[in-house]
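A.B. asks: Build me a model from this:
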Amino acid sequence: MRADFRMQRMFIREPIREGQAIAASRDQFNYLVNVLRLNADDEILIFNGRDGEWTARLDLPTRKSLELKPGNRTRPQPRAPDLVYLFAPLKQARTDYMIQKAVEMGAGVLQPVLTRHTQLHKINRHRVERNAEEAAEQCGVLSIPEARDPVKLEALLETWDASRRIIFCDEAADTHNPMEILAATQERKLALLVGPEGGFSGEERSRLHSLPFVTAIPLGHRILRADTAAVAALALIQATIGDW
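C.D. replies: Residues are numbered from 1 along each chain as shown. Okay, here's the model as predicted:
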């Protein structure tokens, strides 16, 4: 069932049960009442990433409090996406953009990876989570990806579950066509690894190419920024061997 974009959607963290009122936070009150100018008995859509999507009626028991009263479930909760997105953090605004696009493209896990040329070594997981939630609100997604703390590439590879194949974007690949490589991939448990603006170091590329659970793909003859490469690679994987 498709999302209804005519209604305001809001992510909440509380369990959703029919008729069980949910107290809105101060920020939610301000956004719904002061920014959107919604009134008592107006309806919005709410979701929490676990219980599906529901209609909710606004109730204003006092001038400064708001309750959301769930009514009908409009969409059941789908199975969470299984694609793991491994990314080298960029400057803040571009990292935000990558996270939002990864949510839209069906990532189930958001894992920052620190490489030799990573631009940003500190990343706020709360900011990642909030960006993911906002992207889900805007594009009708019901599953919120799991946001993880940054990990160094070496440590990630040492502890990686070899049953999940890593597809990594190799800017130094000898070919320009990724489609044949992806089409030949048999595994359906996948991760996508996108490096930083400066690319992977020679040692990192050699390490990745040496691992049996890693597949390198090119992204054509054009030079793509890291955030553009991420969107292109996500689209290619989902269209070729994913859940498009």
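
A.B. asks: tell me which strands and helices the helix or strand of the chain with the lowest mean pLDDT is in contact with?
C.D. replies: Least confident helix or strand, the chain: helix 179-183 with a mean of 85, by mean pLDDT, DSSP states H and E. Applying 3 or more C-beta pairs under 8 Å, 6 or more residues apart in numbering; DSSP states H and E, we find helix 179-183 packed against strand 214-217, helix 226-241. Where C-beta positions appear, they are placed from N, C-alpha and C, glycine not excepted.

A.B. asks: which residues touch the closest residue to A162 other than its chain neighbours?
C.D. replies: Using C-beta to C-beta, 6 or more residues apart in numbering and skipping residues adjacent in sequence, the residue nearest A162 is F213, 4.5 Å away. Each residue near F213 by C-beta atoms under 8 Å, 6 or more residues apart in numbering is listed here: W160, A162, S163, R164, R165, I166.

A.B. asks: and the gap between the second one and A191?
C.D. replies: Counting by C-beta to C-beta, to the nearest Å, the gap between A162 and A191 amounts to 11 Å.

A.B. asks: These two: who's more crowded?
C.D. replies: Set A162 next to A191 and count neighbours by other C-beta atoms under 10 Å: A191 wins out with 24 against 10.

A.B. asks: check contacts around the more buried one.
C.D. replies: By C-beta under 8 Å, 6+ apart, A191 lies in contact with L83, V84, Y85, L86, R164, R165, I166, I167.

A.B. asks: Would you list the buried entries among these?
C.D. replies: By neighbour count, with 16 or more other C-beta atoms under 10 Å, the contacts of A191 hold L83, V84, Y85, L86, R165, I166, I167 as buried.

A.B. asks: Pick out the most distant pair among these.
C.D. replies: Distance extremes for the buried ones among the contacts of A191: the farthest pair is Y85 and R165 at 13.9 Å, using C-beta to C-beta.

A.B. asks: my guess is L219 meets P178, correct?
C.D. replies: Yes: the criterion here is C-beta atoms under 8 Å, and L219 meets it with P178 at 6.5 Å.

A.B. asks: between these two, what contacts are shared?
C.D. replies: Counting by C-beta under 8 Å, 6+ apart, the residues touching both L219 and P178 are A233, L236.

A.B. asks: circling back to that earlier point, now do the least confident helix or strand of the chain: distance to the chain's middle.
C.D. replies: Remark: helix 179-183 is offset 24 Å from the chain centroid, using C-alpha atoms, centre = their mean, to the nearest Å.

A.B. asks: ok, and the closest non-adjacent residue to the spatially most central residue of the chain?
C.D. replies: In the chain, the residue lying closest to the centroid (C-alpha atoms, centre = their mean) is V103, at 2.9 Å. Spatially, and ignoring its direct neighbours in sequence, V103 is nearest to A135 (4.0 Å; C-beta to C-beta, 6+ apart).
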